[in-house]
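Q: here's my sequence, what's the structure:
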Amino acid sequence: MIIICMAALLRGGWEEKVLGAAYMAACMASLAVEERPWVGPQGLVIAIDAIVLALAVGVVLRSSKGWPIVAAAFQVLTVGAHLAFVAAHGRLGAAGYLTVLALWSYGTVAAIAWGAVPLVLASSPMFRHDRVAPASVPAPGGQGEGPPPEDHE
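A: Next up is the predicted model:
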């Protein structure tokens, strides 16, 4: 998660930067306010996830990219899982609840990666398409190494 969010912050467009920063800050804030041992839904964690959802919806409304829609969808699922657990009044198992939250968080990180990784690769000299091949690489026509053929016109 940290690697993906840092890549989004360092190489991403505004969408990647906003959601990468928001998600990383939310994870850190959730760890800071989480009560341990875990005894049930925690209002501050739910509020943090709701704030990330609001930011994700804001990005979706202003962006022409597709991946923020997926990130927002996973945040909807996350907040929905919180609300379902609260509505069940303890009838749902804690292990299942926490597993679902982890699963949806992987989806959110994957969506941020979908936006950030192509931008990271595009900015890397190793993966750029406009690179010139070294002189020792054979030409595509199978001519082999060596100087280019001379013009005999």
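Q: name the helix or strand for the spatially most central residue of the chain, please.
A: The centre of the chain sits closest to Ile112, judged by CA atoms, centre = their mean, with a distance of 1.7 Å. Here Ile112, judged by DSSP states H and E, is contained in helix 94-123.
Q: other SSEs contacting that helix?
A: Counting contacts by 3 or more CB pairs under 8 Å, 6 or more residues apart in numbering; DSSP states H and E, helix 94-123 is packed against helix 2-11, helix 14-33, helix 67-87. The way it works is simple: take the backbone N, C-alpha and C, and place the C-beta from them, glycine included.
Q: tilt between that helix and helix 67-87?
A: Here the directions of helix 94-123 and helix 67-87 differ by 170 degrees (axes from the mean of the first three to the mean of the last three CA atoms, to 10 degrees).
Q: rewinding a little: now the residue nearest to the centre of the chain: how far from Val59?
A: 11 Å (CB to CB, to the nearest Å).
Q: could you tell me which residues touch both of those two?
A: The contact sets of Ile112 and Val59 overlap at Leu19, Ala71 (CB atoms under 8 Å, 6 or more residues apart in numbering).
Q: contacting residues for Ala7?
A: The contact partners of Ala7, by CB under 8 Å, 6+ apart, come to Gly20, Ala113, Ala116, Val117, Val120.
Q: equivalent analysis for Glu16, please.
A: With CB under 8 Å, 6+ apart, Glu16 has these contacts: Ala8, Leu9, Ile112, Gly115, Ala116, Leu119.
Q: where in this protein is pLDDT low?
A: For the chain, the stretches with pLDDT under 70 are 39, 127-153.
Q: picking that back up, what comes up buried for the helix holding Ile112?
A: Using 16 or more other CB atoms under 10 Å as the test for burial, helix 94-123 gives 97, 100-101, 104-105, 107-109, 111-117, 119-120.
Q: cool, and stretch 20-39?
A: Residues of stretch 20-39 classed as buried by neighbour count (16+ other CB under 10 Å): Gly20, Ala21, Ala22, Tyr23, Met24, Ala26, Cys27, Ala29, Ser30.
Q: tally of neighbours for the closest residue to Ser105 other than its chain neighbours?
A: The spatially closest residue to Ser105, leaving aside those adjacent along the chain, is Thr78, at 6.9 Å (CB to CB, 6 or more residues apart in numbering). Neighbour count of Thr78, defined by other CB atoms under 10 Å: 25.
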